[in-house]
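Trainee: Return atomic coordinates for the entry below.
(one chain, ligands or ions: 1)
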Amino acid sequence: MIRLVKPYGSCIMEDYIKIKDLYKTYSTQSAPLEVLKGINLTVRKGEILGIIGFSGAGKSTLARCINRLENPDRGEVYVNDIDILKLSKQELLKERRKIGMIFQTFNLFEAKTVYRNISYPLEISGASKAEIKKRVLETAELVGLSDKLTVYPGGLSGGQKQRVGIARALVNQPHLLLSDEATSALDPQTTLQILDLLKEINKATGITILMITHELDAIKYACERMAVLEDGRIIESGAVNDIFHNPHSRTGGLFAKVFLEFQKYEELENGQGI
Ligand SMILES: Nc1ncnc2c1ncn2[C@@H]1O[C@H](COP(=O)(O)OP(=O)(O)OP(=O)(O)O)[C@@H](O)[C@H]1O
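Mentor: The predicted structure is shown next:
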């Protein structure tokens, strides 16, 4: 196991992302579609914050506005006190290197080996061959893929593909990881392994993680705080346990109810609670 360092310090309570009155409308063939309707959100440095919401609530749009893969209509986005919406193209490219992103569909290059998938962000940032090799080997070891570097994505399981996605997102040593439904395509056991990996990386490096998901159990497993997104608005936020046991919104309540029903069913299946 390689030695993990905390490159960015470990102050837990400092705000790392600040989002104020964020709006985003898509143009569609029929009518404009307002997807974000005044988002206000704070993510603390070094935490894993969960964002939960039903399909279409605007979760991916919100994540993509943070690294400006989407340009919001108005509002403010600060990452590490940098005003993301005011950056020039060049400045944005530089800041984006400090923000990794992982996806439900992994988004790997099928024609590149694991090594080349992981090395890609370093290649486009102009790192030397020696630096690339060092960082790829370190990151592959961190995610448990040292023995898969010459394999193509087609020869990997879903969990291994997501590990490649995580390694590629981390190889530039970002301060922030945006995780957009990263475990939604995985079976429950693999989901736990990936969540354990994210928790381990968070603990070891102090990286801030924004975990977007529609799976309450994933949030319950990995996060201390969460926010509920409904129809383009954050309708409640706070400690996971508080929202889970005493939800103040319809969406929060529905997620908690489904989770509890599922838990009851699992206990019955395992012969507990009878
Ligand atoms: N590029 C786009 N152009 C037009 N409409 C879009 C675009 N991207 C997303 N939308 C629409 O915006 C709404 C919110 O989409 P978004 O992907 O942000 O939601 P989500 O909460 O992440 O949903 P899911 O969990 O299903 O991925 C949806 O109605 C979607 O169809």
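
Trainee: switch to C-alpha atoms for all contacts and neighbour counts from now on
Mentor: Fine.

Trainee: Confirm residue 22 sits in a strand?
Mentor: Yes. Membership of residue 22 in a strand is supported by DSSP: H, G, I helix; E, B strand; the rest coil.

Trainee: From residue 57, how far off is it?
Mentor: 14 Å (CA to CA, to the nearest Å).

Trainee: same question, residue 130
Mentor: 44 Å.

Trainee: now swap in residue 243 and tell me
Mentor: Residue 243 is 18 Å from residue 57, by CA to CA.

Trainee: burial count for residue 125?
Mentor: The local packing of residue 125 (other CA atoms under 10 Å) involves 12 other residues.

Trainee: any idea whether the most centrally placed residue in the chain is helix, strand or coil?
Mentor: For the chain, residue 179 is the residue whose C-alpha lies nearest the centre (CA atoms, centre = their mean; 1.5 Å). Under three-state DSSP, the three-state class of residue 179 is strand.

Trainee: likewise the one 4 residues further on?
Mentor: When the structure is reduced to helix, strand and coil (three-state DSSP), residue 183 reads as coil.

Trainee: okay, now the domains of this structure?
Mentor: Structural domains assigned to the chain are 1-98+175-274, 111-173, following automatic domain parsing.

Trainee: And the pLDDT at residue 97?
Mentor: If you check residue 97, the pLDDT there is 91.

Trainee: Look up the pLDDT of the residue of the stretch 151-274 of the chain found nearest the ligand for me, please.
Mentor: Residue of the stretch 151-274 of the chain nearest the ligand, by CA to the nearest ligand atom: residue 214 (6.5 Å). Predicted confidence (pLDDT) for residue 214: 89.

Trainee: What parts of this structure come near the ligand?
Mentor: Counting by CA under 6 Å from any ligand atom, the residues of the chain close to the ligand are 26, 28, 35, 54-61.

Trainee: Need the max-distance pair from those residues.
Mentor: 28 and 54 (20.9 Å; CA to CA).

Trainee: So for those two, which residue has more residues nearby?
Mentor: Each of residue 28 and residue 54 has its neighbours counted (other CA under 10 Å); residue 54 has more, 16 against 8.

Trainee: before we move on, back to that, and the residue nearest to the centre of the chain, what is it in contact with?
Mentor: 101-103, 209-212 (CA atoms under 8 Å, 6 or more residues apart in numbering).
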